[in-house]
Structure formats: C-alpha cells, structure tokens
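Participant: A structural model of the following input is requested.
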Amino acid sequence: MGSKGFFSKLKDGLDKTRKNITERIDDIINYYTEIDDDFFEELEEVLITADVGVETTMEIIEYIKAKVKKEKIGNPDKIRGLLKQKIEDILNKNQDAFDIESPCVFLVVGVNGVGKTTTIGKLASRYKADGKKVLIAAGDTFRAAAAEQLEIWGERAQVPVVRHDEGSDPGAVVFDAVQSSKSRNVDLLICDTAGRLHNKKNLMNELEKINRILDREFPEAQKEVLLVLDATTGQNAISQAKMFKEVVGISGIILTKLDGTAKGGVVVAIKSELGVPIRFIGVGEQVEDLQIFDSHSFVDALFE
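Facilitator: Residues are numbered from 1 along each chain as shown. A predicted model of the protein is given here:
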C-alpha cells in the first residue's frame, strides 16, 4: 500500500475530529470580519470541546494572540495557518524516529478495554511482515480471553506465543519468553501485561516486577514501554497516562480508536501534557490501520 493509501486512511480515520475541530474553526473564521475577544473565546471553546485540554488550549491561544499582535494580523483567515503550525510544533516536540534494533522488547501496558491485545496482534503482524522474528508473551494471565486472543493473532501472523495457565505468575511467563527469545534469536519480543485497575497497587507492583525481570534477564535488549490509550476516553486517557508514567516510565504511547471519536484533539493534549513520544495511532480495524505516528501527516489530515 502506497503512502496515498496510508494518508487517505488517516484522513478517513480523523473524519469525526476534523468535522468537530477544523470545520467549526472555519465557520468561526468565516463569521468574523475582525479578530477580537469574542473570536478568541469561540476558538478556545472549539479546542476545549475537542479535548485539546484547558492547559494546552491556553498555550495555543496565547501563542496566536502574541502572533496577531506582533505581526498586526487583522484578517481571521490567517488564523488557520497559525493554528496548524502551533499544533504541529506541539506534536513535534520529543518526537524522534521510531527505529528498533534487534533484540528489542516491547512491554505493552494499559488498562483493560483500551484495545491492548488487538494492538499487540497488529504490532506482531506488522513487524513480522517487515521480516522480523517476533515472539509474543501472554503476560495478562488474569483475563482468560487475553491469551486466547493473542494465540489467534499469533496463528494469523505465524508468530509463536508463550503462555501459561490462567492465573499463573505473569513474571514467569515473561521470564520463559525471554529465554525462548534468546534461544530462537528473536528480533522483537512483545509482552502483554494485565490491565485490571481495581487494585492499582497490585497492578503496579506486577508491572515493576516484570520490568525488573526484563532488565535482569535481557539487559542487551532495547526496551520500549508502550502505553496503549483509547482516544475515545478523552481526558481520562491523560490521567491513566500520568499514573503509568509514574510507575513504569513510559517510552512511547499508542493511541487506539481515533476513528471512533470526534475528540481526537486529545492527541495534542497527551503530547503537550506528557511530553512522551506518540509511536502509533489506530485509525481503523485492519492491521495496516495501526499507523506509525507522523505529526506532519496527522496535522495535514486534520486540516485538509
């Protein structure tokens, strides 16, 4: 699939958000003949209702106000370009290219219901198609369906899955998967983890333990702790991210279900408030709909 295919899928995936942000901004720009306080108030409202977040919205508005003053901009038409530029600047911050070196471990974390298992399946398929030797560790031993789901994905992508019985120690699963990765010369080991949040302390202890096992048993591997967030949960996703960041030190974010929300502005809020690179975004059901995040393409798709 060429880049046109990827871009049009991205554009389709952001359709609801584009209607909610860009079209409403265009309406404001067309309505106002001059840039005044009312204009900025309406602009602010659009950004906040699209889940850009209060802090980030204020930062964007202040930037535009300063530009308007400095460059003596009187025409509301010019605002669109400024807005686009500022959003891209926010998304570009700390956003390096995402390359993996063999051996590599993805420790995939996140609460239940965000699409973690499906995302792992898509990642496995993607890297397998790239010619990498991939192994999945079914580390969510609390949720019976998790390991079964992963095995289905594994069969589909012809990627082996290391699993233990339901209720067994997730640390032991990860330990076995690391040994297996070494003996098979695996390029990428993807570890699923439990996402039950009813007891935060237990969950976080579990993650810290898995983290320690990886550091001790597989120090030579490049380690990426990837947090999966559901874009449809908006501001709630940000508080989840802050909690996980505290405990396991996230190195990247995967944002799923962007096609299912009009509040895709949360991408901007997450980036601005957490400063953690966004690595992948999900804009549909298919394997290829889990795309490597590119801030330039994202902003182009949003404002086109």
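Participant: ok, and for the helix or strand bottoming out on mean pLDDT in the chain, which residues are buried?
Facilitator: Scoring the helices and strands of the chain by mean pLDDT, DSSP states H and E places helix 3-13 at the bottom, with a mean of 80. Neighbour-count burial for helix 3-13, counted by 16 or more other Cβ atoms under 10 Å, picks out 6-7, 9-11, 13. Yep, even glycine has a C-beta here, placed from its N, CA and C like the rest.
Participant: Distance-wise, check Thr22 relative to Ser183.
Facilitator: According to Cβ to Cβ, to the nearest Å, Thr22 stands 52 Å off from Ser183.
Participant: Same question for Ile292.
Facilitator: On the measure of Cβ to Cβ, Ile292 and Ser183 end up 30 Å apart.
Participant: which helices and strands sit right next to the helix or strand hosting Thr119?
Facilitator: Element membership for Thr119 (DSSP states H and E) is helix 116-129. Here helix 116-129 touches strand 104-109, strand 134-137, helix 144-157, strand 188-192, strand 252-256, strand 278-282, strand 290-292, going by 3 or more Cβ pairs under 8 Å, 6 or more residues apart in numbering; DSSP states H and E.
Participant: Any chance of these in CSV with mean pLDDT, distance to Asp169 and mean neighbour count as columns?
Facilitator: What follows is these, written out as CSV (pLDDT from 0 to 100; distance: least, Cβ to Cβ, whole Å; neighbours: other Cβ atoms under 10 Å):
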stretch, mean pLDDT, distance to Asp169, mean neighbour count
strand 104-109, 96, 16, 25
strand 134-137, 98, 12, 27
helix 144-157, 91, 14, 18
strand 188-192, 97, 13, 28
strand 252-256, 95, 26, 23
strand 278-282, 95, 28, 22
strand 290-292, 94, 29, 18
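Participant: Tell me which stretches of the stretch 151-300 of the chain form helices.
Facilitator: For the stretch 151-300 of the chain, the helices defined by DSSP state H, counting those that start in this stretch cover 170-184, 200-217, 235-248, 266-274, 295-303.
Participant: Would you tell me which of those helices gets closest to Leu91?
Facilitator: Across those, Leu91 has its closest neighbour in helix 295-303 (3.6 Å, Cβ to Cβ).
Participant: can I assume Val225 is in contact with Ile190?
Facilitator: No. The pair Val225 / Ile190 is not scored as a contact, 12.0 Å apart, by Cβ atoms under 8 Å.
Participant: What count of nearby residues applies to Lys72?
Facilitator: Residues within reach of Lys72, counting by other Cβ atoms under 10 Å, total 6.
Participant: part of a strand, is it?
Facilitator: No. Counting by DSSP: H, G, I helix; E, B strand; the rest coil, one finds Lys72 to be coil, located in no strand.
Participant: Now Val68: closest residue in space, sequence neighbours ignored.
Facilitator: Closest residue to Val68 apart from its sequence neighbours, by Cβ to Cβ, 6 or more residues apart in numbering: Ile35 at 5.7 Å.
Participant: same thing with Val299?
Facilitator: Using Cβ to Cβ, 6+ apart, the closest residue to Val299 is Glu88 (4.5 Å).
Participant: List the residues that contact Gln149.
Facilitator: 117-118, 121 (Cβ atoms under 8 Å, 6 or more residues apart in numbering).
Participant: Nearest to Glu55 among these?
Facilitator: The closest of those, once distances to Glu55 are taken by Cβ to Cβ, is Thr118, at 30.9 Å.
Participant: Now do Thr119 against Ile25, distance only.
Facilitator: Noted for Thr119: a distance of 31 Å to Ile25, by Cβ to Cβ.
Participant: Neighbour count for those two, which is higher?
Facilitator: More neighbours surround Thr119 than the other of Thr119 and Ile25, with 24 against 21 (other Cβ under 10 Å).
Participant: contacting residues for the more buried one?
Facilitator: For Thr119, the contact set (Cβ under 8 Å, 6+ apart) comprises 108, 228, 254, 256, 280, 282, 290.
Participant: if you set the cut-off to 6 Å instead, what comes out?
Facilitator: Neighbouring residues of Thr119 by Cβ atoms under 6 Å, 6 or more residues apart in numbering: 228, 254.
Participant: Tell me, please, where in the stretch 201-304 of the chain the pLDDT is lower than the cut-off.
Facilitator: Residues of the stretch 201-304 of the chain meeting the criterion pLDDT under 70: none.
Participant: if you set the cut-off to 90 instead, what comes out?
Facilitator: Scanning the stretch 201-304 of the chain for pLDDT under 90 picks out 201-208, 233-249, 260-264, 284-286, 288, 303-304.
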